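Enquirer: quick one, fold the following:
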Amino acid sequence: MAYYLSQRSLGNIAGVHPDLQRIADHAIQITLVDFGYGPHSGLRTAEEQADLYTRGLSRADGYTRLSRHQSGRAMDFYAYVDGAASWDRTHLAMVAAAHLQAAAELGIPVQWGGLWTPAKCGIFGWDMPHIELIER
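Expert: Okay, here's the model as predicted:
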């Protein structure tokens, strides 16, 4: 089945690094599970990041501990299954696989938060909807 990114998803990742946008464009063409990018999935202000931190959704507070989202070097995705957003681990792993494959085919080094250890993510253990560029 052929999928495409909605205008809303494209707007939500506007401003991220062009390599991440290239990955998104390619991943949607090869994915087996539809996906999108929600609000705060791409570039974030310090205030947006601080709000996520306050709500317990991030370890980065946006001021003393910066998120890669604040520099446009990370983005978060969600799976879209049966007409609704899904954060089911199996669905997220399949979407991540499309992102990782797209990155490999484009020669762009990335890391997926689903492979992180508790030392990296603390209580979260992993960040399955997260992908970020690796510094070259």
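
Enquirer: go ahead and confirm Leu43 touches Gly72.
Expert: Yes. Leu43 is in contact with Gly72 according to CB atoms under 8 Å; the separation is 4.7 Å. Just so you know, the C-beta spots here come from the backbone N, C-alpha and C atoms, and that holds for glycine as well.

Enquirer: and the helices in the protein?
Expert: For the chain, the helices defined by DSSP state H cover 7-12, 18-30, 46-54, 89-106, 118-121.

Enquirer: and the fourth one, what does it pack against?
Expert: This means helix 89-106. helix 18-30, strand 78-81, strand 110-112, strand 130-133 (3 or more CB pairs under 8 Å, 6 or more residues apart in numbering; DSSP states H and E).

Enquirer: just so I know, which of the ones you listed lies nearest Ala104?
Expert: strand 110-112 (8.7 Å; CB to CB).

Enquirer: just the residues contacting that closest one, thanks.
Expert: 23, 96, 99-100, 103, 130-134 (CB atoms under 8 Å, 6 or more residues apart in numbering).

Enquirer: off-centre distance for that strand?
Expert: 9 Å (CA atoms, centre = their mean, to the nearest Å).

Enquirer: that one pairs with which strands, and in what direction?
Expert: strand 130-133 (antiparallel) (DSSP bridges).

Enquirer: centre of the chain to the partner strand, how far?
Expert: Computed by CA atoms, centre = their mean, the chain-centroid distance of strand 130-133 equals 6 Å.

Enquirer: I'd assumed Thr31 was in contact with Leu5.
Expert: No. In this structure, Leu5 is not within contact of Thr31 by CB under 8 Å, at 10.5 Å.

Enquirer: among these two, which residue is more densely surrounded?
Expert: For Leu5 versus Thr31, the count of surrounding residues by other CB atoms under 10 Å is larger for Thr31: 23 against 20.
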